[in-house]
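Undergrad: structure for this input, please:
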Amino acid sequence: MSKKKYSKEFKLKVLKEHEEGASFYSLEKKYDIVLGTVKRWNAVFKAHGETALDRHNSNLCRYSAEFKQRVVSDYLSGGGSFESIAVKYGIHAESTVLKWVKQYNSHEELTDSRKVRDYFMAKDIKSRKTTLEERIRIVEHCVSHSNDYSATAKEFNCSYGQVYSWVNKYSKKGVDGLKDGRGRNKSADELSELEKLRAENRLLKAEKKRQQIEIDLLKKLEEIERR
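TA: The predicted structure is shown next:
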């Protein structure tokens, strides 16, 4: 489901109604807003003022490696929830903090965020012809990197839409979903039973890697809660 965009004026109007006594839940129901959104607007507004309510594309934000490390360290030391940490550091979405913590716990290096130009380059890469083996490798990479479609598209020089489509087809139909049934070259996409099992094994390992990242994160959270 696509996210709705709200102007700063609308957000201020809603927050004013909250100040006058309306609950977060009733406002979200009244204006058909995703649950928890108005509460986040209120927290961001109180912490950073009106300017923090301006619309922006979170994909275009730039954060240094040092900043990410500081945010992660604050969270892991018990500095607050994902939501409160995001508000504290002026980060648009709590999911961004979660992503950095996952990367840290999976021993991935926290690097400077990609530049705006690089983001649009990934979006603008054109579709290209691929073999079944390439599609398997692309899905394997994307799944093991928490479904980062943009980074995968850049890594393999294919379009964002292709990566998204292949991952979606794999999730529904497995390796068979990655076959190209168009044209007269269908035989090039045929796999022997052994090749298919090997491909499925690789993709399952990629999924387990992603799951292990989430398991490690949950363990870390439990450790923090027991302190």
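Undergrad: going forward, measure contacts between C-alpha atoms and count neighbours the same way
TA: Noted.
Undergrad: which elements pack onto the helix or strand hosting I136?
TA: Applying DSSP states H and E as the criterion places I136 in helix 132-144. In terms of contacts (3 or more C-alpha pairs under 8 Å, 6 or more residues apart in numbering; DSSP states H and E), helix 132-144 is packed against helix 149-156, helix 160-173, helix 193-226.
Undergrad: deepest-packed of those helices, please.
TA: helix 149-156 (a mean of 20; mean count of other C-alpha atoms under 10 Å).
Undergrad: just how off-centre is that helix within its chain?
TA: 14 Å (C-alpha atoms, centre = their mean, to the nearest Å).
Undergrad: of the helices and strands packed on helix 132-144, which approaches E17 most closely?
TA: helix 193-226 (34.9 Å; C-alpha to C-alpha).
Undergrad: which residues sit against stretch 45-57?
TA: Contact with stretch 45-57 is made by K5, Y6, S7, K8, K11, L12, W41, V44, V87, K88, G90, as judged by C-alpha atoms under 8 Å, 6 or more residues apart in numbering.
Undergrad: for stretch 78-95, same thing?
TA: Here stretch 78-95 has contacts from 40, 43-44, 47-48, 52, 58, 71, 74-75, 96-98, 224, using C-alpha under 8 Å, 6+ apart.
Undergrad: which of those fall in helices?
TA: R40, A43, V44, A47, H48, V71, D74, Y75, T96, V97, L98, I224 (DSSP state H).
Undergrad: which of those sit farthest apart?
TA: Top of the distance list for those (C-alpha to C-alpha): H48 and I224, 27.4 Å.
Undergrad: reformat the contacts of stretch 78-95 as TSV; add distance to E190.
TA: As requested, the contacts of stretch 78-95 are arranged in TSV below (distance: C-alpha to C-alpha, whole Å):
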residue	distance to E190
R40	50
A43	54
V44	53
A47	57
H48	57
A52	53
S58	41
V71	48
D74	51
Y75	48
T96	40
V97	42
L98	40
I224	50
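Undergrad: neighbour-wise, which of those leads?
TA: Within these, neighbour counts (other C-alpha atoms under 10 Å) peak at V44, which reaches 24 neighbours.
Undergrad: so how many other residues sit close to the nearest residue to that residue once chain neighbours are set aside?
TA: Among residues not flanking V44 along the chain, V87 sits closest, at 5.5 Å (C-alpha to C-alpha, 6 or more residues apart in numbering). Residues lying near V87 (other C-alpha under 10 Å) number 23.
Undergrad: neighbours of F10, how many?
TA: 11.
Undergrad: rewinding a little: out of the contacts of stretch 45-57, which end up buried?
TA: For the contacts of stretch 45-57, a burial check counting by 16 or more other C-alpha atoms under 10 Å picks out K8, K11, L12, W41, V44, V87, K88.
Undergrad: roughly how far out does stretch 13-28 sit from the chain middle?
TA: On C-alpha atoms, centre = their mean, the centre of stretch 13-28 falls 29 Å from the chain's centre.
Undergrad: quick one, what contacts R210?
TA: V143, S144, H145, S146.
Undergrad: so what's the second one up against?
TA: For S144, the set of contacting residues under the criterion of C-alpha under 8 Å, 6+ apart consists of A206, E207, K209, R210.
Undergrad: one more: the third one?
TA: Remark: with contacts taken as C-alpha under 8 Å, 6+ apart, H145 is in contact with R210.
Undergrad: sorry, back to before: redo the buried ones among the contacts of stretch 45-57 as JSON lines? Include distance to S81.
TA: As requested, the buried ones among the contacts of stretch 45-57 are exported to JSON lines (distance: C-alpha to C-alpha, whole Å):
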{"residue": "K8", "distance to S81": "25"}
{"residue": "K11", "distance to S81": "23"}
{"residue": "L12", "distance to S81": "25"}
{"residue": "W41", "distance to S81": "16"}
{"residue": "V44", "distance to S81": "14"}
{"residue": "V87", "distance to S81": "10"}
{"residue": "K88", "distance to S81": "10"}
